[in-house]
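Participant: Sharing a model that was predicted from the sequence below.
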Amino acid sequence: MSQAARGSAGGTGDGVSEFGYSQQMKRELGWYTSFAVAFGFVSIATGIFTAYGSVLNSSGPLGIWTWPVVVVGQLCVALVFGALAARIPVSGYAYQWISRLANPVLGWIMGWVSFTFLAVVVVAVDYTIASTILPVLFQYQGTSANAWVVTAGVLLLQAVLVALSTRATQRVNNVAVTMQLVGMVLLTVLLFVVGAATGVLDFGTLFSTGDVPSEGYFALGGLTSAGPWSLGFLMGAFTIVGFEAAANLAEETRDPARVVPKAMAQAVVGLGVLGMLFLIAVTALAGDPAALARSDTPVADVIARVLGSYVGKGLLVLVVISIFSCGLVISLSGARLVWAMARDKRFPAWRLLNRVTPATGTPLNASVFLFVVSQIVLGLFASSTQALFSLFSAATLLPALIYAATVALYLVKRRSLPPSKGFRLGRWEAPVLVVSVVWLVYELLIFRDASFAEPWLYVLVMFAIGAAYLGYLLVRHGVSGLSMPDMHDIDKTLDHDQQGVAAGGGA
């Protein structure tokens, strides 16, 4: 039995040697930092400020009630991810899991899809600051040109921080997440209290469809169109993603098999509850939802109108910090994925990208590479008249594909997974898998709508680039040359062990 097989069969350590690697980065993340990574990526401030206007236009205020459905669905996905992270706690998350449990070719494809997601979602997140928050905060007219410049600057600042110091990045994120937790609770309470005191809180708005016709509202839609209710799910689906970033930093987390699954699940639950309360408050204070839907910054407009310019601007500063933290975590996670794939010689320019710089203790080259790619993505989308919609749509479609493939892997391999080192689904496995599958199939069907043509084009272009490089790897090294370090076939290992037991019993 190989070293990896022995570790899977009976090891209890949380090191990386059983997976064929050496520990290159410091293992210093505790529970709160791991939680902050998951929470920071799944930033409700980012998601709601980015997508709320789109929901008003496509589904009306009633569309916010899709949120709890998404929370339940994504929580089940997070639990499946937790079960895998507890078995293979190494950087690269879905890339590692599928490479080792299915085969390296499928694992590489999943790694590339994950990379394309991180490259576009960091742009979508940072573009939100430039297009929906800063124009209200500083009272200037937002344009595609100035949004492009501001977003490029934010991306640069995040890349510098991630490249130079992991510890500083973690501290900034921990502080930002703490501020976001406290600030979003305070903001939600203030909106309810001030709205009730001034008599402008109208809960009837929560069940209005606004300018969206009520006839056929809950219809599933046609072959190339999704119904109004279905489109409302995109806000939650865009927001409640990225919790797996905690798994991507498993090699830097203490006791990751126990800490990471807990951090991911707690982040989804906490954000789900707080996000729903915030959506209820904002929607009940929307006034005329049809007029608000025409605004480029609907959430910011409600905050400023209800709480006044000074308090409103102070809380918008908090939102900027939260969104910056989200982009920071995405940059951190993206750099780790690039580094993890380059470490296995699976990424273009892997000789440069697989290095951990001794002076900083970070994969500096991988961080710079992700920054360059994100600037290219920004250039491709920023000239579009609906840049924000296209960015957040692509950043919703890609994780849905990743989650669906990972859950499918778990379904196929659940009987032959290596033993968990700290987290199991137990008797909840069947219902968790059923909910996950139903939710992900429904979510993916939403993207048949013709309005998602541009995000699909981005996905196809990135797939084509990835396919070309995968073809190069297969021609040069063959399928056998893509095997993972110290990789073992779990099915064969279990069969061999069972045969050995049977032979021993027969003797």
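Facilitator: All right, it came through fine.
Participant: Return the set of buried residues in stretch 418-437.
Facilitator: By neighbour count on 16 or more other CB atoms under 10 Å, the buried set for stretch 418-437 is 418, 420-423, 425, 432-433, 435-437. (Each C-beta comes from the backbone N, C-alpha and C, glycine too.)
Participant: How about the lengthiest helix in the chain, which residues are buried there?
Facilitator: Identified as the longest helix of the chain according to DSSP state H is helix 309-343. For helix 309-343, a neighbour-count test (16+ other CB under 10 Å) marks 312-313, 315-316, 318-343 as buried.
Participant: quick one on the thing from earlier: from the buried residues of stretch 418-437, which single one is nearest Pro68?
Facilitator: Nearest to Pro68 among these: Val435, at 12.8 Å, using CB to CB.
Participant: helix, strand or coil for Arg424?
Facilitator: The assignment at Arg424 comes out as coil when based on DSSP: H, G, I helix; E, B strand; the rest coil.
Participant: Spell out which helix or strand contains Pro431, please.
Facilitator: If you go by DSSP states H and E, Pro431 is part of helix 429-446.
Participant: and that helix, what does it pack onto?
Facilitator: In terms of contacts (3 or more CB pairs under 8 Å, 6 or more residues apart in numbering; DSSP states H and E), helix 429-446 is packed against helix 67-85, helix 228-231, helix 233-239, helix 387-413.
Participant: Nearest to Ala102, out of the ones you listed?
Facilitator: helix 387-413 (5.8 Å).
Participant: Name the nearest of the buried residues of stretch 418-437 relative to Leu118.
Facilitator: Ser436 (21.7 Å).
Participant: Hmm, that closest one is touching Ala78, no?
Facilitator: No. With contact defined as CB atoms under 8 Å, Ser436 does not count as touching Ala78 (9.4 Å).
Participant: contacts for stretch 50-65?
Facilitator: Applying CB atoms under 8 Å, 6 or more residues apart in numbering, the contact partners of stretch 50-65 are 66, 124-125, 128, 132, 205-212, 217, 228-229, 231-232, 234-235, 238-239, 276, 279-280, 282-283, 286, 289, 292-293, 295-299, 388-389, 392.
Participant: for the most centrally placed residue in the chain, helix, strand, or coil?
Facilitator: Central residue of the chain (CA atoms, centre = their mean): Gly242, 1.9 Å from the mean position. Three-state call for Gly242 (three-state DSSP): coil.
Participant: For the nearest residue to it once chain neighbours are set aside, which residues are in contact?
Facilitator: Spatial nearest neighbour of Gly242, chain neighbours left out: Phe41 (3.2 Å); criterion: CB to CB, 6 or more residues apart in numbering. By CB under 8 Å, 6+ apart, the contact set of Phe41 is 241-243, 245, 326, 329-330, 333.
Participant: a markdown table for the residues you listed, including distance to Trp350 and pLDDT?
Facilitator: Below are the contacts of Phe41 laid out as a markdown table (distance: CB to CB, whole Å; pLDDT from 0 to 100):
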| residue | distance to Trp350 | pLDDT |
| --- | --- | --- |
| Val241 | 27 | 91 |
| Gly242 | 25 | 90 |
| Phe243 | 28 | 93 |
| Ala245 | 22 | 92 |
| Cys326 | 28 | 90 |
| Val329 | 24 | 92 |
| Ile330 | 22 | 93 |
| Ser333 | 19 | 94 |
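Participant: right, and out of these, which lies closest to Asn173?
Facilitator: Among the contacts of Phe41, and counting by CB to CB, the member closest to Asn173 is Val329, at 5.8 Å.
Participant: Distance of the closest residue to the closest one other than its chain neighbours relative to Met484?
Facilitator: Leaving aside its sequence neighbours, Val329 sits nearest to Gly40 (CB to CB, 6+ apart; 4.2 Å). The gap separating Gly40 from Met484 is 29 Å, by CB to CB, to the nearest Å.
Participant: Show me which of those two is the more surrounded one.
Facilitator: Gly40 (30 against 18; other CB atoms under 10 Å).
Participant: wait, doesn't that one sit right on Ser331?
Facilitator: No. Using CB under 8 Å as the test, Gly40 is too far from Ser331 to be in contact (11.1 Å).
Participant: tally of neighbours for the residue nearest to Leu401 when sequence neighbours are not counted?
Facilitator: Excluding the flanking residues, the one nearest Leu401 by CB to CB, 6+ apart is Val113, at 5.9 Å. Residues lying near Val113 (other CB under 10 Å) number 21.
Participant: residues in contact with Val113?
Facilitator: Val113 touches 398, 401-402, 405, 463, 466, counting by CB under 8 Å, 6+ apart.
Participant: That one sits in which helix or strand?
Facilitator: Per DSSP H and E: helix 104-128 holds Val113.
Participant: and that helix, what's its mean pLDDT?
Facilitator: In this model, helix 104-128 has a mean pLDDT of 90.
Participant: The chain should start at 25 in everything you say after this.
Facilitator: Okay, using 25 as the starting number, the last item reads as helix 128-152.
Participant: Run the angle between that helix and helix 333-367 for me.
Facilitator: Here the directions of helix 128-152 and helix 333-367 differ by 160 degrees (axes from the mean of the first three to the mean of the last three CA atoms, to 10 degrees).
Participant: Now do the phi/psi pair for Met49.
Facilitator: phi -120, psi 150 (degrees, to the nearest 10).
Participant: Relative to Ser189, how far out is it?
Facilitator: Distance from Met49 to Ser189, by CB to CB: 12 Å.
Participant: cool, Pro387 as well?
Facilitator: 12 Å.
Participant: Who has more neighbours out of the two?
Facilitator: Taking neighbours as other CB under 10 Å, Pro387 and Ser189 compare with Pro387 leading, 29 against 15.
Participant: I figured the more buried one hits Val362, correct?
Facilitator: Yes. At 7.3 Å, Pro387 counts as touching Val362 under the criterion of CB under 8 Å.
Participant: what is in contact with the two at once?
Facilitator: Leu377.
Participant: shared neighbours of Met49 and Ser189, anything?
Facilitator: Joint contacts of Met49 and Ser189 (CB under 8 Å, 6+ apart) are 385-386.
Participant: what's the closest non-adjacent residue to Leu255?
Facilitator: Nearest to Leu255 is Ser82, by CB to CB, 6+ apart, at 3.9 Å.
Participant: For the one you found, give me phi and psi.
Facilitator: The phi/psi pair for Ser82 (degrees, to the nearest 10) is phi -90, psi -30.
Participant: which parts of stretch 462-469 are buried?
Facilitator: 463-464, 467.
Participant: how close does the residue nearest to Leu425 get to Tyr117?
Facilitator: According to CB to CB, Val137 stands 12 Å off from Tyr117.
Participant: Helix or strand next in line after the helix holding Val137, which one?
Facilitator: helix 158-161.
Participant: for that following helix, the distance to its chain's centre please.
Facilitator: With CA atoms, centre = their mean, to the nearest Å as the basis, helix 158-161 stands 26 Å off its chain's centre.
Participant: quick one, helices of the stretch 175-324 of the chain?
Facilitator: 190-222, 252-255, 257-263, 269-272, 280-308, 313-317, 322-331 (DSSP state H, counting those that start in this stretch).
Participant: my guess is Arg472 contacts Ser254, does it?
Facilitator: No. Using CB under 8 Å, Arg472 is not in contact with Ser254, being 9.9 Å away.
Participant: okay, and the common contacts of the two?
Facilitator: With CB under 8 Å, 6+ apart as the test, Arg472 and Ser254 both reach Gly245.
Participant: Give me the more crowded residue out of those two.
Facilitator: Counted by other CB under 10 Å, Arg472 and Ser254 do not tie: Ser254 has more neighbours, with 23 against 15.
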